[in-house]
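Student: just to be clear, the model below is a prediction. Sequence and coordinates:
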Amino acid sequence: MPKVRPSLKGRFLLDGGKLHGSSFHRTVVLVCEHDAAGAFGLVLNHPSDAKLADAFDQDLPEAIRSETLSRGGPVQPSALSYLHSDTLMTDGNVLPDLSVGHDLGELLGLGGPGSSTRKLRVFAGYAGWSSGQLDDEMRRGAWLTHPATSELVFRVPPEALWHHLLRLRDRWPERLLAEAPDDLSWN
């Protein structure tokens with residue numbers, strides 16, 4: 001019987017150099033759900049040039065109109081997800097101070113008057129794994145993991161996140177990977 005892995009919910013998955021040529025090359029995925037049925041995550045380091053206002057026909061609250069719409073993953077590119085946090089939040093569904101949502105009405109509510117410490121990131125598409133698929137990828141060493149924090153989700157620029165997280169790791173091959181060119185033939 002295969003060993004049951006603990007849930008990766010609330011952890012970052014990092015391409016450890018084995019996903020070249022895939023849509024996950026040099027990505028950072030925040031695992032938002034992971035159980036026996038499968039896993040759901042959002043790619044954090046693929047921002048787009050689109051703003052939230054560009055993606056919706058309806059009138060959006062001014063506070064969220066200019067939010068960047070990131071590419072959350074290759075699955076259902078029209079599916080909406082968002083991460084939100086607030087210093088007052090203590091019961092998030094991903095981390096104690098971080099929640100994922102999918103409801104447009106709730107997103108619009110986040111754009112209304114409220115806390116000045118609200119943080120928001122919006123995504124089109126997601127990363128998904130069927131039952132046992134992510135566990136199999138972990139056994140094959142396809143991903144590195146790193147503890148997630150809302151601070152890392154919202155404070156580190158998306159284009160720098162993969163490099164930043166690899167530099168935080170204790171193993172020198174991973175820190176070296178962070179400095180390597182995208183194509184090793186450029187060396």
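Tutor: Received, thanks.
Student: from here on, contacts and neighbour counts on C-alpha atoms
Tutor: Noted.
Student: show the average pLDDT along stretch 37-53.
Tutor: Across stretch 37-53, the average pLDDT comes to 94.
Student: please identify the buried residues of it?
Tutor: By neighbour count with 16 or more other Cα atoms under 10 Å, stretch 37-53 contains the buried residues 39-47, 51-53.
Student: got JSON lines for the residues you listed, with distance to Leu108 too?
Tutor: Formatted as JSON lines, those follow (distance: Cα to Cα, whole Å):
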{"residue": "Ala39", "distance to Leu108": "26"}
{"residue": "Phe40", "distance to Leu108": "23"}
{"residue": "Gly41", "distance to Leu108": "22"}
{"residue": "Leu42", "distance to Leu108": "20"}
{"residue": "Val43", "distance to Leu108": "22"}
{"residue": "Leu44", "distance to Leu108": "21"}
{"residue": "Asn45", "distance to Leu108": "24"}
{"residue": "His46", "distance to Leu108": "23"}
{"residue": "Pro47", "distance to Leu108": "21"}
{"residue": "Lys51", "distance to Leu108": "15"}
{"residue": "Leu52", "distance to Leu108": "11"}
{"residue": "Ala53", "distance to Leu108": "12"}
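Student: which two among these are spaced furthest apart?
Tutor: Maximum pairwise distance among the buried residues of stretch 37-53 (Cα to Cα): 29.1 Å, between Ala39 and Ala53.
Student: ok, of the buried residues of stretch 37-53, which one's closest to Leu152?
Tutor: Using Cα to Cα, those come closest to Leu152 at Leu44, 10.1 Å.
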